[in-house]
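Colleague: Fold the following.
(2 chains)
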Amino acid sequence: DAKTTQPPSMDCAEGRAANLPCNHSTISGNEYVYWYRQIHSQGPQYIIHGLKNNETNEMASLIITEDRKSSTLILPHATLRDTAVYYCIKPLSGGSYIPTFGRGTSLIVHP
Amino acid sequence: EAGVAQSPRYKIIEKRQSVAFWCNPISGHATLYWYQQILGQGPKLLIQFQNNGVVDDSQLPKDRFSAERLKGVDSTLKIQPAKLEDSAVYLCASSLGLTAQANYGYTFGSGTRLTVV
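Modeller: Alright, predicted model coming up:
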């Protein structure tokens, strides 16, 4: 039980913003939301994580709703190399971080 | 910084044979994880180590799978005997510690692709 819900697939034009949604309605007050991506034939790669405030790093931005029940990962200028499966996850309760993965969203960036 | 190293990269065995996978985590990472990823699915946690002790192995099929982390560094995952449904990618990951704040150190290896025929 991944406890998050993501659309199975999305597509985006190269150079445009890719907005990947995630529902995590059962998140508790001290649970972070994490995003990873997995490019074909590689292991998952950490992208970003957040608790309440929006976050930005060199890879992406993370927008978390005020009620914390959903979030959106934004790739501001998608490239072909961003084609991957994107996972939105949250750790098990109790402060122990054990990423549990669902099926994620398969993002295809096309020319 | 070197990443998480795994070997072999690929392995093909016949059912009922044995196989072992090796993982070398990032230096200084106390926590090590083994995941199984079946084609088309997300990774599924098999076992988690903190140093050389097991933290969680509730999803490890203990009748055929075993894992150890001697000296709290390298780890091996073994399957004996293998079944057709064990065909998957086996991923190793490591992190600085158990808490969420340690996530910055959570890194996956490239995995071992196992095919059981």
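
Colleague: How about residue 39, nearest residue that isn't a chain neighbour?
Modeller: Let's take chain A. A:A84 (4.5 Å; Cβ to Cβ, 6 or more residues apart in numbering or on different chains). For every residue, glycine as well, the C-beta is placed using N, CA and C.

Colleague: um, chain B though
Modeller: B:A88 (7.4 Å).

Colleague: on that earlier part again, list the contacts of the residue nearest to A:I39.
Modeller: Shown here is A:A84, whose contacts under the criterion Cβ atoms under 8 Å, 6 or more residues apart in numbering or on different chains are A:R37, A:Q38, A:I39, A:H40, A:S106, A:L107.

Colleague: Among those residues, name the buried ones.
Modeller: Buried members of these, scored by 16 or more other Cβ atoms under 10 Å in any protein chain shown, are A:R37, A:Q38, A:S106, A:L107.

Colleague: Look up how far B:G109 lies from the second one.
Modeller: With distances defined as Cβ to Cβ, to the nearest Å, the gap from A:Q38 to B:G109 amounts to 12 Å.

Colleague: What separation is there between the residue positioned nearest the centre of chain B and B:D63?
Modeller: For chain B, the residue whose C-alpha lies nearest the mean C-alpha position (Cα atoms, centre = their mean) is B:W34; its distance is 2.6 Å. Between B:W34 and B:D63 the distance, using Cβ to Cβ, works out to 16 Å.

Colleague: pLDDT weak spots in chain B?
Modeller: Screening chain B residue by residue with the criterion pLDDT under 70, one finds the ranges B:1, B:98-105.

Colleague: Where do the strands of chain A begin and end?
Modeller: Applying DSSP state E to chain A gives strands spanning A:9-13, A:18-23, A:33-38, A:45-50, A:55-56, A:61-64, A:70-75, A:84-89, A:105-110.
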